[in-house]
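Visitor: Sequence and predicted structure below; questions after.
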Amino acid sequence: MKEILIIVDYREIFRRELKSYYTISIEKMKNVFINKNYEVQVYSYVDLLNEGLEKIQNKIIVYTSSSDEGYKRYIDDLLFYLKDSNEIYPKYELLKSQENKGFQELYKLKQNIKSLNSFYLCTLSDFYKIENKIEYPIILKKIDGAGSSQVFKLDSKEELVKKIKKSIRIKNYYNRKLKSIFAETMLKLNLNKKNHKLYKEYILEDLNIDPFILQEFVPDLESDWKILVFGKKFYALNRKVRKNDFRASGSGKLSFFDPPKEVLDYAYKIYKKLDVPIVSLDICIDKNFNCFLIEFQALHFGPYTLIKSDSYFQKNGNEWEKLEKKSDLAEEYSTAILEYINEKNS
């Protein structure tokens, strides 16, 4: 009998449900696995350390993640160790992609997913090296966090540089800025000459350092689509753009109605290329019915679209069938994992 390890966090919960501090039903997850003839054990991350990580081999591991930066870094370290001697779901690259828009761009590139033109940068000086490739308006995104609070539309180079200087900064920016001003003053007044070489090098350090994305802007959008994929089931939520804004994420203007076939076809293509058991896709469609992937998450994403939906879509040949039926998050999560494992091993 094959064995599945469900890894929970320090609260012994599996995130996430509607809220990040709510758990998916672990009992329901276990029952789905057990009914398919798997032996199931539940461990916390620290349990694995106590057991001895080197002893955890040839297991199927289904793990939870976290929105806490420090705890997620801890999870990342442990999964990095476990990934080569076990099957982990979702795979390690998708943990790296969680709330990391920069790594998402790299993973899309690796999976040959062509979407909106993007540049993954880290400093203001980086921008100056590619500025001739930028067309305005342009979208600037800080790479971490969910939602759209750190997403900006800039209409000119001047606006973009100003926003980078204001928003893209090292963590101890003000302390470093004061030291830089001090170094410039020492040089200007020709004081403390023995340290002039140090001062000259110090003021060359860029204080506007923090990874960010510059992404192509899609004009005239009235809404976008949140598509959740759990194995063969596709759940769709329409999100209207905020008034006098360009962002749909976080607008609160949510509607359940049938998406265009182009959106479902595109979601299916992206889902297959991402190579995931489950995924949350943010997709926009322009007036010419061209679809674009804005962002994706493959774990620890909000499941509102599944939980609140009274239906889902399944692909049937070249067409889509709508099934009027409520879904259970824990059951769909586990079922999608098993479907993915079976497909990989078939």
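Guide: On my side now, so go ahead.
Visitor: For stretch 185-203, list every residue counted as buried.
Guide: M186, L187, Y199, Y202, I203 (16 or more other C-beta atoms under 10 Å). For the C-beta atoms, the positions are set from N, CA and C on the backbone; glycine is no exception.
Visitor: if we look at it, which residues are touching it?
Guide: Under the criterion C-beta atoms under 8 Å, 6 or more residues apart in numbering, residues K179, S180, A183, E184 lie in contact with stretch 185-203.
Visitor: Please, a PyMOL command that selects the buried ones among those residues?
Guide: Command for PyMOL, covering only those of these found buried under the criterion 16+ other C-beta under 10 Å:
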select buried, resi 179+180+183
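Visitor: Dump the contacts of stretch 185-203 into CSV; add secondary structure, distance to D286 and pLDDT as well.
Guide: Formatted as CSV, the contacts of stretch 185-203 follow (DSSP: H, G, I helix; E, B strand; the rest coil; distance: C-beta to C-beta, whole Å; pLDDT from 0 to 100):
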residue, secondary structure, distance to D286, pLDDT
K179, helix, 47, 92
S180, helix, 44, 92
A183, helix, 49, 91
E184, helix, 48, 90
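Visitor: Relative to Y63, which of the contacts of stretch 185-203 is nearest.
Guide: The closest of these to Y63 turns out to be K179 (C-beta to C-beta; 42.1 Å).
Visitor: Following element in sequence after the helix or strand of the chain with the lowest mean pLDDT, please.
Guide: For the chain, the helix or strand with the lowest mean confidence is helix 196-202, at a mean of 88 (criterion: mean pLDDT, DSSP states H and E). Remark: after helix 196-202, the chain's next helix or strand is strand 209-216, criterion DSSP states H and E.
Visitor: tell me which residues in that following strand are buried?
Guide: I209, D210, P211, F212, I213, L214, Q215.
Visitor: The third one contacts F119, correct?
Guide: It stands for P211. No - using C-beta atoms under 8 Å, P211 makes no contact with F119, being 11.3 Å away.
Visitor: Tell me where the model's unsure across the stretch 201-346 of the chain.
Guide: 250-251 (pLDDT under 70).
Visitor: Kindly recompute the last result at 90.
Guide: Residue ranges of the stretch 201-346 of the chain with pLDDT under 90: 202-206, 220, 241-253, 344-346.
Visitor: what about the strands in it?
Guide: Per DSSP state E, counting those that start in this stretch, the stretch 201-346 of the chain carries strands over the ranges 209-216, 223-230, 233-240, 254-255, 278-285, 291-297, 311-316, 319-324.
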